[in-house]
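Asker: Pasting the sequence and the predicted model now:
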Amino acid sequence: MGCEPDDWAREWVEKKRSEGEKGLTVEKRGNFHIVKWATTRWDTETKKRRKISEYRGVLDPDGTLKDPRPMRSRIDVTDVRDSGNARLLVKVAEKIIDSLKRSFPFDHPEIIELVFARILGRGELNKCGRCWNRLEDVLGLRPNTSPKSLSHTLEKVGLGRGSQDIFFSDMRTEDPEMAVDMSVIFSRARGAFLSKGGYNRFNLTYPQFNLLLVCGLASGRPQYMKVLPGNAKEGSAVCMLDEFSIPEGTLLVGDRGYNDKKFLKAVRERGLDYLVAVKRNSKAYELTDTKEGIFAWKKDAVAYGCAKISDNEWAYRFENLSNRNDELVDAIESKMKGKKREPDVEKAGNFVMVSSREMIPYDAYRVYKTRCEIENCFDTGKNVLSADKMHMRDDAHVTGHLFVTFAAMMVRFEISKLLDDNELSSHMTPEDVLDTYATMKIMIGNTEIRQVVPKDVRELDARLGLFLYSTQSDRDRLNGVKKKRGRKPKASAVSS
């Protein structure tokens, strides 16, 4: 709604009318005075008078009239691409993409396509192409999007073990402690010799693979992956020590499944150290107690003790008093329900670790608890990236599928690290970041290219410090794409 104009504006209108200009009106909107011209004309078709108005501009107190707003040309949008997620993934995965180009010089476009589609929740081969076609091709890769071609790519990736090792070497960081663990992946894959009915905590003989993973504890970054048969035990991780060149002096951290004589001997022979938990029936419980002292870990009290049990091995025993109470209560309730479970007062809340390195008990406890980073990697691979949802027909496809999952896991880790560095991880996940950036679009029309950047994207982009808006070089590149398609770009514009 307009308001009455100021006195100086009314005087200007009266002066114009006295000079012979009729039909001018001034309307005040906020701090601006809008000048319009209006008249009526006889419409011969309707036999009525029709009002015609025209916007003339904004009036200044000095009597000058600003030029009216330029008319915007009509744009027929011919293509809309997801620019936000495409630019975000390329930005955070720069090092990973460079390594993929070096490791797989001929197949990296399709591998990057598979990785990005997996992160965006479209990892199935029949959906990858449609997912990629909705993204802006920031790198100009133009990969093949047919499911058959992507299936051949997975096969070649699975067979290219040497190329995978180059990639793992590029991704390696100098972490003084590394966690190693193996997880079960159930699968309906037919024709794969790796699929076996093996050992798992569910006591099931369902066809499965074993995924061996190595994770740096200082950085939290996944660094190595290998697929093993479903009936392999933790001791078979010796092959990892030969294939993955772990620097001497590195401390390998594992759960009680890695308390295997063959594995621990191989670790020592290669100049490495180990810190592994032992089972409840181990003799290490008889050689240690928790009477040396007590320290606080987060909000729990932990009693500890240590002992040298051989020439080159030490045992560390810990008792978490909160866990002790929970374990005893759980055992009593299970016994009341008729289960054959007796409360173990001596060992409740206790666990023992053995190590080839003499350590301060608090440091040993800290390093072992940091091992949860590898559990987070398995959780991401299985539940977020759907590593266990596959119907591959042979070992090469299975290995290629899990390698793509590993690369997607590393890209997602970079987004998580970006949130941690900017103190946003407490209320945002990588999926929330992808959902936000998904509203940033590139629209290609018949006359120009527009980038739509909503307010929430601008705010998040500023907090992350990425600045993913298009530059003049980006617009020139997109104009070049339009020329190749036979279109004649008239102008480039960025709007928000």
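Answerer: Now that the structure is in, tell me what you want to look at.

Asker: what is the mean pLDDT for stretch 109-125?
Answerer: On average, the pLDDT along stretch 109-125 is 93.

Asker: Distance from it to the middle of the chain?
Answerer: The chain centroid and the centroid of stretch 109-125 are separated by 12 Å, computed with C-alpha atoms, centre = their mean, to the nearest Å.

Asker: Find the residue at the geometric middle of the protein.
Answerer: When C-alpha atoms, centre = their mean is applied to the chain, the residue found nearest the centroid is R412 (2.0 Å).

Asker: Apart from its chain neighbours, what residue comes closest to that one?
Answerer: Distance criterion C-beta to C-beta, 6 or more residues apart in numbering; nearest residue to R412, sequence neighbours excluded, is P430 at 5.2 Å. For every residue, glycine as well, the C-beta is placed using N, CA and C.

Asker: And R118, by the same measure?
Answerer: A408 is the one closest to R118 (C-beta to C-beta, 6+ apart), at 4.2 Å.

Asker: For that neighbour, give me its contacts.
Answerer: Residues counted as contacts of A408 (C-beta atoms under 8 Å, 6 or more residues apart in numbering) are V115, R118, I119, G123, L385.

Asker: Among the residues you listed, which ones are in helices?
Answerer: Within the contacts of A408, residues falling in helices by DSSP state H are V115, R118, I119.

Asker: Out of those, flag the one nearest to N31.
Answerer: N31 has its nearest neighbour among the ones in helices among the contacts of A408 in I119, at 48.2 Å by C-beta to C-beta.

Asker: burial of that closest one, as a residue count?
Answerer: I119 has 24 neighbouring residues, counting by other C-beta atoms under 10 Å.

Asker: Equivalent analysis for S99, please.
Answerer: Residues lying near S99 (other C-beta under 10 Å) number 20.

Asker: Next, it: secondary structure please.
Answerer: helix (DSSP: H, G, I helix; E, B strand; the rest coil).

Asker: I'd assumed D170 was in contact with it.
Answerer: Yes: with contacts counted by C-beta atoms under 8 Å, S99 reaches D170, the gap being 4.0 Å.

Asker: Neighbour-wise, give me the winner out of the contacts of A408.
Answerer: Of all the contacts of A408, V115 has the most neighbours under the rule other C-beta under 10 Å, reaching 29 neighbours.

Asker: Against G249, how distant is that one?
Answerer: Distance from V115 to G249, counting by C-beta to C-beta, to the nearest Å: 33 Å.

Asker: got it, and G30?
Answerer: From G30 to G249 the distance is 71 Å (C-beta to C-beta).

Asker: Quick one: the helices in the stretch 201-350 of the chain, in order.
Answerer: Counting by DSSP state H, counting those that start in this stretch, the stretch 201-350 of the chain has helices at residues 238-243, 261-269, 284-287, 321-336.

Asker: now the shortest one: mean pLDDT?
Answerer: Spelled out, it's helix 284-287. 90.

Asker: just checking, what packs against it?
Answerer: Counting contacts by 3 or more C-beta pairs under 8 Å, 6 or more residues apart in numbering; DSSP states H and E, helix 284-287 is packed against strand 300-310, strand 313-320, strand 350-355.

Asker: Figure out which of those strands is closest to G158.
Answerer: When the helices and strands packed on helix 284-287 are compared by C-beta to C-beta, strand 350-355 sits nearest G158, at 36.2 Å.

Asker: Parallel or antiparallel, list what pairs with that closest one.
Answerer: Strands that pair with strand 350-355, judged by DSSP bridges, come out as strand 273-277 (antiparallel), strand 313-320 (antiparallel).

Asker: Reformat those as TSV; add mean neighbour count, distance to S149 and mean pLDDT.
Answerer: Shown next, in TSV, are the strands paired with strand 350-355 (neighbours: other C-beta atoms under 10 Å; distance: least, C-beta to C-beta, whole Å; pLDDT from 0 to 100):
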stretch	mean neighbour count	distance to S149	mean pLDDT
strand 273-277	22	44	94
strand 313-320	22	53	93
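
Asker: Ok, which of these comes nearest T288?
Answerer: strand 313-320 (3.8 Å).

Asker: Figure out how far the closest one is from the centre of its chain.
Answerer: So, by C-alpha atoms, centre = their mean, the centroid of strand 313-320 is 36 Å from its chain's centroid.

Asker: tilt between that strand and helix 321-336?
Answerer: Angle of strand 313-320 versus helix 321-336, following axes from the mean of the first three to the mean of the last three C-alpha atoms, to 10 degrees, is 70 degrees.
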